[in-house]
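Following is a predicted model, sequence given first.
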Amino acid sequence: LAGKSCWVTGAGAGIGRALVRELNVEGATVVAIDRDEAALADLVKEGGLLGFKVRTWRADVGSGDDYLKELGAAAAVNGPPAVLVNCAGIARLGGFKELGWKAFQETLPINLNGTIMGSLFALALMERKGEGIIINIGSIAGLVPTGFMVSYSTSKYAVVGFTRALQAELDMRHSPVRTLLVCPGFIDTRLMDQAGYKIPG
């Protein structure tokens, strides 16, 4: 990864933030993307204290066409990514009946649509260059049905299916780009900290 441009979405907190640190250790040029400007500023401050550099870009992965425009603007400034990590995600904890459709309206645009749009954007640039890796962060909740976070589990099942289907297509087209799917277990990050809600059982 030394010298390669690695973009990370959801870089302001959790797994995304940890990836920014680790990619810097590997010598990558990191572009940290998040919708939380304060978190990005704090990441830059942390880099100054710990001795790593990071470029930041404010974008909301759930904003549809506006997100694609922001990615284009980021590429114009930073150059195209060699690696894109689609890490941005949110969860809504609670019963399906209680949370209702609103939980899906909030979760799917970020967890699924953001991953799809980021992959679509990166793929065109990577194939033009002749190489690239798209890394999609799924979840164990996308492999094992998870109650009391039904919208999250649904979105991550979709990310798993999307990534596997995309890789099958890339293989059939002999594309130089490949995908990687990562499905972590539950990690103590801000994503799981929602007003002290505890999953029953």
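It's in.

Surely Lys53 and Ala32 touch.
No - at 10.5 Å, Lys53 does not count as touching Ala32 under the criterion of Cβ atoms under 8 Å. For every residue, glycine as well, the C-beta is placed using N, CA and C.

neighbour-wise, which of those two wins?
Remark: of Lys53 and Ala32, Ala32 carries more neighbours, 26 against 10, as counted by other Cβ atoms under 10 Å.

Could you check how far the more buried one is from Pro145?
In this view, Ala32 and Pro145 are 33 Å apart by Cβ to Cβ, to the nearest Å.

Retrieve the pLDDT associated with the residue lying closest to Pro109 once chain neighbours are set aside.
Distances taken as Cβ to Cβ, 6 or more residues apart in numbering put Gly62 closest to Pro109, at 3.7 Å, once the chain neighbours are dropped. With respect to pLDDT, Gly62 scores 97.

How about the contacts made by the most centrally placed residue in the chain?
For the chain, Cys87 is the residue whose C-alpha lies nearest the centre (Cα atoms, centre = their mean; 1.8 Å). Cys87 makes contact with Val8, Thr9, Gly10, Ala11, Ile15, Gly16, Leu19, Ile137, according to Cβ atoms under 8 Å, 6 or more residues apart in numbering.

you'd agree Asn136 is in a strand?
Yes - note on Asn136: a strand contains this position according to DSSP: H, G, I helix; E, B strand; the rest coil.

got a list of what it touches?
Asn86, Thr115, Ser119, Val159, Phe162, Thr163, Thr179, Leu180, Leu181, Val182.

what mean pLDDT does stretch 169-176 have?
98.

Run the chain-centre distance for stretch 134-152.
13 Å (Cα atoms, centre = their mean, to the nearest Å).

same check, this time on stretch 111-119
8 Å.

Buried residues in it, which are they?
Buried residues in stretch 111-119, counted by 16 or more other Cβ atoms under 10 Å: Asn111, Leu112, Asn113, Gly114, Thr115, Ile116, Met117, Gly118, Ser119.

Check what contacts it and list those residues.
Residues contacting stretch 111-119 (Cβ under 8 Å, 6+ apart): 9, 61-62, 64, 67-68, 71, 84, 86, 88-90, 134, 136, 152, 155-156, 158-159, 162, 166, 179.

filter the residues you listed to the buried ones?
9, 61-62, 67, 71, 84, 86, 88-90, 134, 136, 152, 155-156, 158-159, 162, 166, 179.

one step back: tell me the one of the contacts of Asn136 nearest Lys97?
Val159 (24.5 Å; Cβ to Cβ).

in the protein, which spans are helices?
14-25, 37-50, 65-78, 96-108, 114-129, 150-172 (DSSP state H).

okay if I get those as CSV plus distance to Ile187?
Below are the helices of the chain laid out as CSV (distance: least, Cβ to Cβ, whole Å):
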stretch, distance to Ile187
helix 14-25, 7
helix 37-50, 17
helix 65-78, 25
helix 96-108, 17
helix 114-129, 18
helix 150-172, 13
